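1. Fold the following.
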Amino acid sequence: MVLRRLSVAGISLAATLAAAVLAAAPTAAATPQSPRPATAQAAPDIDVVKVQAHLTELNNIATRNGGNRKSSGQGYRDSVAYVKNKLQAAGYTVTEQPCTSGCASGAGPNLIAEWPKGDAGTVYMFGSHLDSVGAGPGINDNGSGSSALLETALTLAEQNPAMAARVRFGWWTDEEQGLNGSDFYVNSLSTTDRSRIKAYYNFDMVASTNGGYFINHINSAAAAPMKAYWDSLGLQPEENTEGAGRSDDYSFEQAGIPTSGYAMGAGARKTSAQAAKWGGTANRSYDPCYHQSCDTTGNINGTGLNRSADGIAATLWKLAVSDTAPSNDFSLAAAPSSGSVEPGASATSTISTATTRGSAQTVQLSASGAPAGVTVSFSPASVTSGDSSAMTVATSATAAPGTYSLTVTGTGSVTHSTTFALTVKGTGSCTSQQLLGNGGFENGTTPWTGDTGAIGAHSGQPAHSGSRSAWLGGYGYSAADTLSQPVTVPAGCSRATLTYWLHIDTGETGNTAYDTFKVKVGGTTLTTLSNTDASNGYTQRTLDLSRYVGQQITLTFTATEDASLQTSFVLDDAALQTG
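-> Now for the predicted structure:
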């Protein structure tokens, strides 16, 4: 939780804290935990042991990086990598969002993960900040919220229930410097994207050792499922007065998005009434290690952490998980599913739909994946399931020859997709050109995808030219970094050559390849380098990609490290030249 924020709704922070300390609460005996109420599709129990394992790793990351995970340090970047690797392996669509304005100098990226199922027009978002203060590892503040969210996300993927709505998770950078990462995210959303987020739920310090049970905007409609779960345990939660305006929910609240969330308290003191109903020590801080070096894995209330994680899952399942299969559903198909044309000509296909469950519904058609010089249209653009539409794929005279996979999407109360393979024929004419975008990494991260937090100006690892490079690996423990970029290699060229500059330094010794760097096109590995190739300074490497002329490819650089001793693979000035 950020230490302070300027006055909220005209009330000073001092007054807010005083209210938290002085507010009287009804005295009641602590109530034993009750079983979860039965539902048509009950939310799973989140394994608190697994949540605590994530906390242990975040603590270890801080230990390896000067004792903290502050947003501008390597500890934060390693935290992002840890969470991201878990989510990608589970099947999430994961994006690193660099904070390009408003954040502290050198702050790492936000991490956004979306479960790619459910109605994309109805999004429920769950978030927590992943950074710590510089004074300590930040395990309660806010490894607790971050780890509870991570394990909830992994459990959702493992259970893979039918989804009624989309679920999106956010791990925020630079919260401790003023909610900067979440501010940047919310401000980057279009009006339409904001309208799709029906509620945002925030989790900041959910395992305070002397904590209470607090809910943001406890009487709001957004808070209802969160309150219902804690009420079912007899916890008698209270309004989160101390946290008002001090964590990332405030960024969403300012944008008009309904918000709520759990917290167990920070530096304010527990009242006698609160100690009577929740236990703990009156007139003592909810978290005695708030923003201190003692905020380690020893500063965690396991019972509170368990109740918070289970409440997150209960809320998510209540809002976004479907109790049954969709009441109305449809199928989507393209016939033919491929077409071959000369540049300047068009291909056609019939997009057929059928009602497979319940009643017919309106299906909106769209297409993605078309390269430059290719457009896709539908007549009509929307159909009632059971009807068909004529798809026209038009190419310009300058469309590059090659084969492209187009994705046709039908969106109704559910979403389905199918593919159409377009081949643009002809040998084409070859214009000598460099095809990679931002190969020197000087212009932000676009169009690279993957671990884009590796891109930046790195002290201790100077760029080959300019000021920025991509530092892959270098952790000293089991980890992997990947950068990818889609490229269309025009037909008609006799050759395509990839060049890049790579600096490899390592703490490994001997001639065994422990840590590797691979260059791939699609699933094909073109070359593998390792710690055994380490040398002073940069070395230019060259690969022949002529076999891919006339194709749409994805070029990938991947660094993989084993469990000990770092190897850094610093990449710069990559180019794919045709001729």
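2. and residue 184, what does it touch?
-> Residue 184 makes contact with 97, 99-103, 110, according to Cβ atoms under 8 Å, 6 or more residues apart in numbering. Using the backbone N, CA and C atoms, a C-beta is placed for each residue, glycine as well.
3. List only those of those flagged as buried.
-> Those of those that meet the buried threshold are 97, 99, 103, 110, by 16 or more other Cβ atoms under 10 Å.
4. What segments of this protein are helices?
-> Under the criterion DSSP state H, the chain contains helices at 13-22, 48-64, 74-90, 145-159, 180-188, 191-196, 224-232, 249-254, 272-278, 302-320.
5. As TSV, those with distance to residue 423 and mean pLDDT would be great.
-> Output for the helices of the chain, formatted as TSV (distance: least, Cβ to Cβ, whole Å; pLDDT from 0 to 100):
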stretch	distance to residue 423	mean pLDDT
helix 13-22	64	31
helix 48-64	47	96
helix 74-90	31	91
helix 145-159	36	96
helix 180-188	37	95
helix 191-196	35	90
helix 224-232	50	97
helix 249-254	46	96
helix 272-278	67	97
helix 302-320	40	97
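6. So which of those is nearest residue 266?
-> Comparison of these against residue 266 by Cβ to Cβ identifies helix 13-22 as nearest, at 9.3 Å.
7. how about residue 171, what does it touch?
-> By Cβ under 8 Å, 6+ apart, the neighbours of residue 171 are 80, 83, 110-111, 127-130, 146, 149.
8. what does residue 274 give?
-> Here residue 274 is in contact with 25, 212, 238, 280, 282 (Cβ under 8 Å, 6+ apart).
9. Over to residue 168?
-> Residue 168 makes contact with 112-115, 123-126, 197 under the criterion Cβ under 8 Å, 6+ apart.
10. got it, and residue 95?
-> 111-113.
11. Ok, residue 85 next?
-> 479-480.
12. Between the contacts of residue 171, which sits nearest residue 474?
-> Closest approach to residue 474 among these (Cβ to Cβ): residue 80, at 14.1 Å.
13. one step back: and the buried ones among the contacts of residue 184 as CSV, adding distance to residue 342 and pLDDT?
-> Formatted as CSV, these follow (distance: Cβ to Cβ, whole Å; pLDDT from 0 to 100):
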residue, distance to residue 342, pLDDT
97, 41, 92
99, 46, 91
103, 50, 93
110, 45, 96
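14. Among those, which one sits closest to residue 578?
-> residue 97 (32.2 Å).
15. Which strand residues bridge that closest one?
-> Judged by DSSP bridges, the bridge partners of residue 97 are residue 110.
16. separation between it and residue 194?
-> From residue 97 over to residue 194 the distance is 15 Å, taken as Cβ to Cβ, to the nearest Å.
17. count of neighbours near the closest residue to residue 486 other than its chain neighbours?
-> Excluding its sequence neighbours, the residue lying closest to residue 486 (Cβ to Cβ, 6 or more residues apart in numbering) is residue 554, at 5.1 Å. Neighbourhood size, residue 554 [other Cβ atoms under 10 Å]: 13.
18. my read: residue 554 touches residue 521, true?
-> Yes. Counting by Cβ atoms under 8 Å, residue 521 is a contact partner of residue 554 at 7.0 Å.
19. still on that earlier bit, switch the contacts of residue 171 over to a markdown table; also include distance to residue 461.
-> Below are those laid out as a markdown table (distance: Cβ to Cβ, whole Å):
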| residue | distance to residue 461 |
| --- | --- |
| 80 | 18 |
| 83 | 23 |
| 110 | 23 |
| 111 | 22 |
| 127 | 31 |
| 128 | 30 |
| 129 | 27 |
| 130 | 23 |
| 146 | 27 |
| 149 | 31 |
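20. Relative to residue 162, which of the residues you listed is nearest.
-> So of the contacts of residue 171, ranked by how close each gets to residue 162 (Cβ to Cβ), first place is residue 149, at 21.7 Å.
21. Near the closest one, how many other residues are there?
-> A count of neighbours around residue 149, defined by other Cβ under 10 Å, yields 30.
22. Residue 201 versus that one, what's the distance?
-> Distance from residue 149 to residue 201, by Cβ to Cβ: 9 Å.
23. what residues do those two have in common as contacts?
-> 126-127, 312.
24. I'd like the residues you listed written out as a markdown table, with distance to residue 90 and neighbour count added.
-> Rendered in a markdown table, the data for the shared contacts of residue 149 and residue 201 read as follows (distance: Cβ to Cβ, whole Å; neighbours: other Cβ atoms under 10 Å):
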| residue | distance to residue 90 | neighbour count |
| --- | --- | --- |
| 126 | 15 | 25 |
| 127 | 18 | 32 |
| 312 | 16 | 28 |
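25. May I see those organised as CSV, with distance to residue 257 added?
-> Formatted as CSV, the shared contacts of residue 149 and residue 201 follow (distance: Cβ to Cβ, whole Å):
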residue, distance to residue 257
126, 13
127, 11
312, 18
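26. List just the nearest of the residues you listed to residue 251.
-> residue 127 (9.4 Å).
27. surely the closest one meets residue 149?
-> Yes. Using Cβ under 8 Å, residue 127 is in contact with residue 149, at 7.3 Å.
28. Where does pLDDT dip in the stretch 201-350 of the chain?
-> Across the stretch 201-350 of the chain, the ranges flagged by pLDDT under 70 are 324-325.
29. residues near residue 461, how many?
-> 16.
30. still on that earlier bit, most widely separated two among the buried ones among the contacts of residue 184?
-> Using Cβ to Cβ, the buried ones among the contacts of residue 184 span at most 10.8 Å, a distance reached by 97 and 103.
31. From the opening residue of stretch 533-549 to its closing one, how far?
-> End-to-end distance of stretch 533-549 (Cα to Cα, to the nearest Å): 30 Å.
32. got a list of contacts for it?
-> By Cβ under 8 Å, 6+ apart, stretch 533-549 touches 464, 489-506, 508, 519, 521, 526-527, 529, 553, 567, 570, 572, 576, 578.
33. Out of the contacts of residue 274, who's the most crowded?
-> residue 212 (27 neighbours).
34. which phi and psi does that one have?
-> phi -120, psi -170 (degrees, to the nearest 10).
35. Enumerate every residue touching it.
-> Per Cβ under 8 Å, 6+ apart, neighbours of residue 212: 238, 264-265, 270, 274, 278, 280, 286.
36. Including distance to residue 360, neighbour count and pLDDT, could the contacts of residue 95 go into TSV?
-> Putting the contacts of residue 95 into TSV (distance: Cβ to Cβ, whole Å; neighbours: other Cβ atoms under 10 Å; pLDDT from 0 to 100) gives the following:
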residue	distance to residue 360	neighbour count	pLDDT
111	40	25	96
112	35	20	96
113	34	24	96
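37. nearest to residue 343, of those?
-> Looking across the contacts of residue 95 and measuring by Cβ to Cβ, the closest to residue 343 is residue 112, at 38.0 Å.
38. Now the closest one: closest residue in space, sequence neighbours ignored.
-> Using Cβ to Cβ, 6+ apart and skipping the chain neighbours, the partner closest in space to residue 112 is residue 95 (4.6 Å).
39. Next one: that neighbour from residue 289, what distance?
-> For residue 95, the distance to residue 289 - Cβ to Cβ - is 33 Å.
40. nearest spatial neighbour of residue 126, skipping sequence neighbours?
-> Nearest non-adjacent residue to residue 126, counting by Cβ to Cβ, 6+ apart: residue 201, 4.8 Å away.
41. and that neighbour, bridged to which residues?
-> Beta-bridge partners, per DSSP bridges, of residue 201: residue 126, residue 260.
42. What is the burial count for it?
-> Residues near residue 201, counting by other Cβ under 10 Å: 28.
43. does residue 343 really touch residue 396, like I thought?
-> Yes. With contact defined as Cβ under 8 Å, residue 343 and residue 396 form a contacting pair (7.0 Å).
44. Who has more neighbours out of those two?
-> Shown here are residue 343 and residue 396; by other Cβ under 10 Å, residue 343 has more neighbours (18 against 13).
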